[in-house]
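**Student:** Would you be able to build a 3D model of this:
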Amino acid sequence: MKKSKKIVLVFIIIFFFFGCQSKESRTVPVELRGVWRTSAPKYKSCYFELTENEIIFTNENYLDEMQINYISNIEKIIPGKRILYAINYVDDDDSEYELSFYYDPSEGEIRFKNQQQIKWKKTKGEEY
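**Tutor:** Numbering: from 1, shown residues only. Prediction:
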């Protein structure tokens, strides 16, 4: 009897750990949809846009080179007060990429995992 309880307990722990730690989807959460800009001088003319199922990178100096990419998977991990998103996407050449960033709901900002010193804010009036 004790052995069966231990087995059940192990399965419950495994289910809880894997079921609650990350969530995958193809749809961008509503709070992330919109145009994101930063005040960092290096990216002054750049912005990115998240729609329901696309991520679009734009440099205002080269508008004819707007990059529209199609989201194949979004993973959401909640390690603390910030949410870590890993967005996998494909471009027109079917090349695969990943963009990982932290979203802080209380501040309404995104910080790329590899550039946490730069914050991106959603532009008002350009939300979806």
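
**Student:** Below-threshold pLDDT in this protein: ranges please.
**Tutor:** Scanning the chain for pLDDT under 70 picks out 1-24, 125-128.

**Student:** Would you map the strands across it?
**Tutor:** For the chain, the strands defined by DSSP state E cover 22-25, 34-37, 46-50, 54-59, 67-77, 83-90, 96-104, 109-112, 115-127.

**Student:** what does the last one contact?
**Tutor:** The contact list for strand 115-127 (C-beta atoms under 8 Å, 6 or more residues apart in numbering) reads 33-38, 40, 42-43, 47-49, 102, 107-112. C-betas here are computed from N, CA, C, even on glycine.

**Student:** can you rerun that using 10 Å?
**Tutor:** Strand 115-127 is contacted from outside by 30-40, 42-43, 46-50, 82, 101-104, 107-112, using C-beta atoms under 10 Å, 6 or more residues apart in numbering.

**Student:** just the buried members of those?
**Tutor:** 32-38, 46-50, 82, 101-103, 109-111 (16 or more other C-beta atoms under 10 Å).

**Student:** what residues are up against the most centrally placed residue in the chain?
**Tutor:** Centroid-nearest residue in the chain: Tyr85, 3.5 Å away (criterion: C-alpha atoms, centre = their mean). When contacts are counted by C-beta under 10 Å, 6+ apart, Tyr85 is found next to 28-29, 32, 50, 74-77, 99-103, 110, 113.
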